[in-house]
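Asker: The sequence isn't on hand, but the structure is:
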């Protein structure tokens with residue numbers, strides 16, 4: 001999500017200055033001398049991170065952490081509303097695609113020099129998503145990315161000993177699997193209402209997805225047009241169903257039935273497939289790296305970051321909490337509690353993540369991850385990309401005209417950014 005008018009950036013920035021005094025008053029230490037840090041956390045993390053707080057409070061006498069769980073569906077809007085109302089917490093978990101937007105409105109407290117060690121031992125592409133203009137604005141907390149889930153048994157029956165690593169061989173495998181699966185089954189599921197799969201194909205090219213200092217779309221470059229053509233061919237050749245995710249009863253059941261044999265997803269699906277499919281099925285699936293145009297390819301880095309807000313009067317205590325949650329041993333413990341993949345690579349070794357054969361490929365995929373453009377409008381741009389791509393798959397556009405249409409929509413969304421660049425105000 002992004003701001004929609006040039007003036008809104010200035011208005012919100014002004015709101016922070018006008019309400020700073022009120023924010024400070026709301027976050028002062030209690031009369032008994034105890035400092036209360038307000039920490040917002042989302043999803044499963046919101047319900048479990050409290051288990052880590054007793055040790056932090058033991059190490060930091062006089063500091064108590066108040067964790068407020070939030071649903072992911074409401075978190076982004078709640079953060080923006082809290083910013084406008086000068087009621088942001090001291091620390092919050094945020095989606096790492098929100099970093100550019102929160103930086104643009106002046107909400108974040110950049111990583112101080114004394115916390116620079118937090119930036120070591122990270123996956124480079126994940127760390128890059130947390131940096132704006134070369135400076136870390138947030139700290140990676142846990143990471144994820146998407147790779148390939150596949151049916152080992154059907155792939156073997158189709159004559160392939162291992163999942164292909166390049167597009168050409170992968171398509172041959174998909175045609176072979178479709179013949180083996182038979183009936184009305186397909187080779188791959190690419191939900192038409194999701195942008196992540198096409199974005200993954202687009203990340204295999206060398207060209208950036210935005211140009212002119214990220215002020216215009218660059219989707220008409222030959223590489224992305226080729227990615228669009230490959231994506232469309234999977235539907236045109238009957239390898240992927242013309243279906244949205246809402247038309248699939250549940251992914252794990254259809255995967256087990258053989259309705260599809262390849263599926264892009266993240267580490268969260270490992271637990272789903274294990275818990276919701278019978279033990280007898282477990283030997284039939286595995287995970288593997290993303291096939292690229294020529295060999296194993298890239299994917300987008302995901303996960304959550306820890307943000308300290310500029311409005312917090314407890315900067316030292318807030319950064320102490322971020323340092324604590326970033327300790328490899330603490331991240332390894334959190335992995336055992338909630339299953340998140342640690343941001344610090346040394347925590348993978350402590351937690352023994354790579355002893356799990358389904359999770360081990362994620363480390364290599366994260367090493368090959370490629371950061372997406374860091375502009376506040378990015379989530380809206382990829383949503384428009386998905387809308388146009390669905391129309392292309394249904395016959396309204398060719399790959400070339402679809403790319404031009406995505407560029408046109410991206411340029412419209414980036415109009416404010418171009419204006420800010422002209423005024424010398426863009427980050």
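Answerer: Received, thanks. Since this is a predicted model, take the numbers as computed values, not measurements. Numbers count the residues shown, from 1 in each chain.
Asker: Please name the bridge partners of the most centrally placed residue in the chain.
Answerer: Centroid-nearest residue in the chain, with CA atoms, centre = their mean: residue 302, separated by 2.7 Å. Counting by DSSP bridges, residue 302 forms beta bridges with residue 144.
Asker: distance of it from residue 372?
Answerer: According to CB to CB, to the nearest Å, residue 302 stands 10 Å off from residue 372. Every C-beta, even on glycine, is put in place using the N, C-alpha and C of the backbone.
Asker: got it, and residue 152?
Answerer: 31 Å.
Asker: Also residue 185?
Answerer: 33 Å.
Asker: who has more neighbours, these two?
Answerer: residue 372 (24 against 18; other CB atoms under 10 Å).
Asker: From what I see, that one and residue 196 are in contact.
Answerer: No. Contact criterion CB atoms under 8 Å: residue 372 and residue 196 do not qualify, at 10.7 Å.
Asker: Find residues that contact each of the two.
Answerer: Common neighbours of residue 372 and residue 196, using CB atoms under 8 Å, 6 or more residues apart in numbering, are residue 300.
Asker: Can you mark which positions in stretch 41-55 are buried?
Answerer: 41, 42, 43, 45, 46, 48, 49, 52, 53 (16 or more other CB atoms under 10 Å).
Asker: what's that stretch in contact with?
Answerer: Contacts of stretch 41-55 (CB under 8 Å, 6+ apart): 39-40, 65, 67-72, 75, 92-93, 142, 304, 324-325, 330, 333-334, 337-340.
Asker: Just give me the neighbour total for residue 81.
Answerer: Residue 81 has 12 nearby residues by other CB under 10 Å.
Asker: average pLDDT for the host helix or strand of it?
Answerer: Residue 81 belongs to helix 72-84 when assigned by DSSP states H and E. Averaged across helix 72-84, the pLDDT comes to 96.
Asker: lowest average confidence, helix or strand, in this structure?
Answerer: helix 6-26 (a mean of 38; mean pLDDT, DSSP states H and E).
Asker: Please enumerate the helices of the stretch 1-150 of the chain.
Answerer: 6-26, 43-48, 53-59, 72-84, 99-104, 124-129 (DSSP state H, counting those that start in this stretch).
Asker: Just checking the distance from the third one to the centre of its chain.
Answerer: Distance, stretch centre to chain centre, for helix 53-59: 29 Å (CA atoms, centre = their mean, to the nearest Å).
Asker: Which parts of the stretch 151-300 of the chain are helices?
Answerer: Going by DSSP H, counting those that start in this stretch, the stretch 151-300 of the chain shows helices at 152-157, 167-181, 196-202, 222-236, 251-257, 268-276.
Asker: quick one on the thing from earlier: the buried residues of stretch 41-55 into CSV, with extra columns for pLDDT and distance to residue 361?
Answerer: Supplementary listing: those in CSV, determined by pLDDT from 0 to 100; distance: CB to CB, whole Å:
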residue, pLDDT, distance to residue 361
41, 98, 28
42, 96, 26
43, 93, 23
45, 96, 23
46, 96, 28
48, 96, 25
49, 97, 27
52, 98, 28
53, 98, 33
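Asker: What count of nearby residues applies to residue 353?
Answerer: Neighbours of residue 353 (other CB under 10 Å): 20.
Asker: what about it, distance to residue 361?
Answerer: 11 Å.
Asker: Next: residue 121.
Answerer: 20 Å.
Asker: Tell me the secondary structure at the nearest residue to residue 115 once chain neighbours are set aside.
Answerer: In space, and not counting its chain neighbours, residue 115 is closest to residue 319: 5.4 Å by CB to CB, 6 or more residues apart in numbering. What DSSP: H, G, I helix; E, B strand; the rest coil gives for residue 319 is helix.
Asker: my read: residue 319 touches residue 116, true?
Answerer: No. Assessed by CB under 8 Å, residue 319 is found out of contact with residue 116, at 11.3 Å.
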